[in-house]
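**Student:** dropping a prediction and its sequence here:
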Amino acid sequence: MKQARFCIGEVVRHRLFPFRGVIFDVDPEFSNSEEWWEAIPETIRPAKDQPFYHLLAENEENHYVAYVSEQNLVRDESGEPVAHPQMEMLFGETVGGRYKLKGAHLN
């Protein structure tokens with residue numbers, strides 16, 4: 001099992017698609033439905049044996065929750081804030097370019 005490259009609160013963007021987001025949870029390996037995985041076109045379907053990240057995601061038109069493999073993420077270096085409507089429920093201030101989880105949500 002691989003060590004996760006990204007951390008909760010980190011801003012990332014998708015390698016192939018035009019969206020970015022803040023990581024709010026990490027699965028050490030794929031943990032979604034087989035139907036979800038098979039719906040991804042085979043030519044870009046990620047391996048299951050890598051970390052997968054739950055993101056509060058946004059693109060030009062929408063805000064949503066995304067589930068993305070590590071191989072498809074890169075750090076977002078833009079410094080732009082993430083404007084997802086659920087941000088203030090989960091995160092507080094930024095520290096060193098990373099959003100800090102609010103205390104009530106820490107395990």
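**Tutor:** Yes, it's here. Residues are numbered from 1 along each chain as shown.
**Student:** quick one: list the elements packing against the helix or strand of the chain with the lowest mean pLDDT.
**Tutor:** Taking mean pLDDT, DSSP states H and E as the measure, the helix or strand of the chain with the lowest value is strand 91-95, at a mean of 90. Judged by 3 or more C-beta pairs under 8 Å, 6 or more residues apart in numbering; DSSP states H and E, the packing partners of strand 91-95 are strand 98-101. (Glycine included, C-beta is placed from N, CA and C.)
**Student:** and the strand it packs on, what's buried?
**Tutor:** 98, 99 (16 or more other C-beta atoms under 10 Å).
**Student:** what of stretch 26-35?
**Tutor:** Under the neighbour-count criterion of 16+ other C-beta under 10 Å, stretch 26-35 has residue 30 buried.
**Student:** and that stretch, how far apart are its ends?
**Tutor:** 20 Å (C-alpha to C-alpha, to the nearest Å).
**Student:** quick one: average pLDDT of that stretch?
**Tutor:** Average pLDDT, stretch 26-35: 96.
**Student:** just the residues contacting that stretch, thanks.
**Tutor:** 1-2, 4, 6-8, 37, 46, 48-54, 67, 69 (C-beta atoms under 8 Å, 6 or more residues apart in numbering).
**Student:** okay, and the residue lying closest to residue 63 once chain neighbours are set aside sits in which element?
**Tutor:** Nearest residue to residue 63, sequence neighbours excluded (C-beta to C-beta, 6 or more residues apart in numbering): residue 84, at 4.7 Å. Assigning secondary structure by DSSP states H and E places residue 84 outside every helix and strand.
**Student:** coming back round to it: could you turn the buried ones of the contacts of stretch 26-35 into a ChimeraX selection?
**Tutor:** The buried residues among those can be selected in ChimeraX (16+ other C-beta under 10 Å) with this line:
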select :4,6,8,50,51,52,53,54,67,69
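**Student:** narrow the contacts of stretch 26-35 to those in strands?
**Tutor:** Using DSSP state E, the subset of the contacts of stretch 26-35 located in strands is 52, 53, 54, 67, 69.
**Student:** list the helices and strands the host helix or strand of residue 88 packs on?
**Tutor:** Per DSSP H and E: residue 88 is located in helix 87-90. Helices and strands touching helix 87-90, as assessed by 3+ C-beta pairs under 8 Å, 6+ apart, are absent.
**Student:** sounds good, over and out.
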